[in-house]
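Participant: Fold the following for me, if possible:
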Amino acid sequence: MERLRPVWLDVLDRRLAPLGAGRDVDLVPLARELAGTTVCALLGTTGDPETIAEAAASAAAAAVRDHLPGPRPPGTARAAAAATARLEALLAPASGTAADTALRAMLAVAAVNTTVAALPRAVAWCADAQLWHHAADDRLRPALVGELLRVIAPSPLLPRVAAAAADLGGCPVRAGDRLILVARHAARAHGEPPDALHPAPPTVAQLVFGAGPHACPGARLARAQLDDTLAALAPHCPTVLRARVDRRAALPGWRSLTVRATSNHRSPENR
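Facilitator: Numbers count the residues shown, from 1 in each chain. Down below sits the predicted model:
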């Protein structure tokens, strides 16, 4: 964490500087570069961060299309394999260095797609719900980060396979059954909005990152990146100008989310 943090702080400083000059900023390219730069630093890859982030997004989208139930258009399996091969080639380590190319690609796909989905959505929620006064408070921001990740649930559906037979609330499950866990419902995202003053218990908030042996190893990294993003944006109290959904992405997210700083923001306590 200490080694990687300066990497994404540099991206935030550079990408958000236009806000201070009254110009608009699209947060999706920012999130893409932040994710790609972090992945490159983590894996010791010298490739272009934005190219790698784009390849990771394409690989994830192609894999999702190939695994959808029901009839699929011809060529989806070939497209998924080609997208994965391209990503693995971009992530190749230095010559002579042994590495598991599939593992590196999997890490890149997970890190890039969750980051690009989560950061803009969390910022949009802050702007819509006027939570910048909490984002500016060093004491409350960690709780706000946890709450935002809980309600946006970057990976809202978690596929699993039952390891053994069980009974889940009266529903029999057989060993080998394929399950879809609705993480956002388990974390109460559908009924409880983010509240930094009264956050959900950690056992509930953590569910969007999985649990047990499947718990996401990047949870701490995700929280730190969102914390730094909110801290950098809070002085500008940005508002959302334009938003366009990304209908081809593997995870729910924006194709573009343009924000602008506001000069007349006042916290609810001072209105």
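
Participant: what helices or strands is the longest helix seen in the chain leaning on?
Facilitator: When the chain is parsed with DSSP state H, its longest helix is helix 101-129. On a contact count with 3 or more C-beta pairs under 8 Å, 6 or more residues apart in numbering; DSSP states H and E, helix 101-129 meets helix 27-43, helix 49-67, helix 76-90, helix 141-152, helix 219-233, strand 239-245, strand 254-260. C-beta here means a position set from N, CA and C on the backbone, and glycine is covered the same way.

Participant: Is it possible to get a markdown table of those that adds mean pLDDT and distance to Gly191?
Facilitator: As requested, those are arranged in a markdown table below (pLDDT from 0 to 100; distance: least, C-beta to C-beta, whole Å):
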| stretch | mean pLDDT | distance to Gly191 |
| --- | --- | --- |
| helix 27-43 | 95 | 27 |
| helix 49-67 | 91 | 27 |
| helix 76-90 | 92 | 36 |
| helix 141-152 | 97 | 10 |
| helix 219-233 | 96 | 22 |
| strand 239-245 | 96 | 23 |
| strand 254-260 | 97 | 24 |
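
Participant: and the ones you listed as CSV, adding distance to Val204?
Facilitator: As requested, those are arranged in CSV below (distance: least, C-beta to C-beta, whole Å):
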stretch, distance to Val204
helix 27-43, 26
helix 49-67, 27
helix 76-90, 34
helix 141-152, 7
helix 219-233, 14
strand 239-245, 27
strand 254-260, 26
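
Participant: quick one, which of those is nearest to Arg5?
Facilitator: Proximity to Arg5 (C-beta to C-beta) singles out helix 219-233 among the helices and strands packed on helix 101-129, at 6.7 Å.

Participant: chain center to the closest one, what's the gap?
Facilitator: 11 Å (C-alpha atoms, centre = their mean, to the nearest Å).

Participant: And for stretch 169-177?
Facilitator: The gap between the average C-alpha position of stretch 169-177 and the chain average comes to 30 Å, counting by C-alpha atoms, centre = their mean.

Participant: from what I can see Pro252 touches Val116, true?
Facilitator: No: assessed by C-beta atoms under 8 Å, Pro252 is found out of contact with Val116, at 10.9 Å.

Participant: can you list the weak-confidence ranges in the stretch 151-271 of the chain?
Facilitator: Screening the stretch 151-271 of the chain residue by residue with the criterion pLDDT under 70, one finds the ranges 263-271.

Participant: now the helices and strands packed on helix 101-129 as JSON lines including distance to Ala111 and mean neighbour count?
Facilitator: Putting the helices and strands packed on helix 101-129 into JSON lines (distance: least, C-beta to C-beta, whole Å; neighbours: other C-beta atoms under 10 Å) gives the following:
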{"stretch": "helix 27-43", "distance to Ala111": "5", "mean neighbour count": "23"}
{"stretch": "helix 49-67", "distance to Ala111": "8", "mean neighbour count": "21"}
{"stretch": "helix 76-90", "distance to Ala111": "12", "mean neighbour count": "17"}
{"stretch": "helix 141-152", "distance to Ala111": "15", "mean neighbour count": "23"}
{"stretch": "helix 219-233", "distance to Ala111": "8", "mean neighbour count": "19"}
{"stretch": "strand 239-245", "distance to Ala111": "22", "mean neighbour count": "14"}
{"stretch": "strand 254-260", "distance to Ala111": "18", "mean neighbour count": "19"}
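
Participant: still on that earlier bit, for the longest helix of the chain, the averaged confidence score.
Facilitator: Averaging pLDDT along helix 101-129 gives 94.

Participant: Can you point out the buried residues in the following helix or strand past that helix?
Facilitator: Downstream of helix 101-129, the first helix or strand assigned by DSSP states H and E is helix 132-135. Neighbour-count burial for helix 132-135, with 16 or more other C-beta atoms under 10 Å as criterion, is recorded at Trp132, His133, His134, Ala135.

Participant: Since that was my last question, I'll sign off now.
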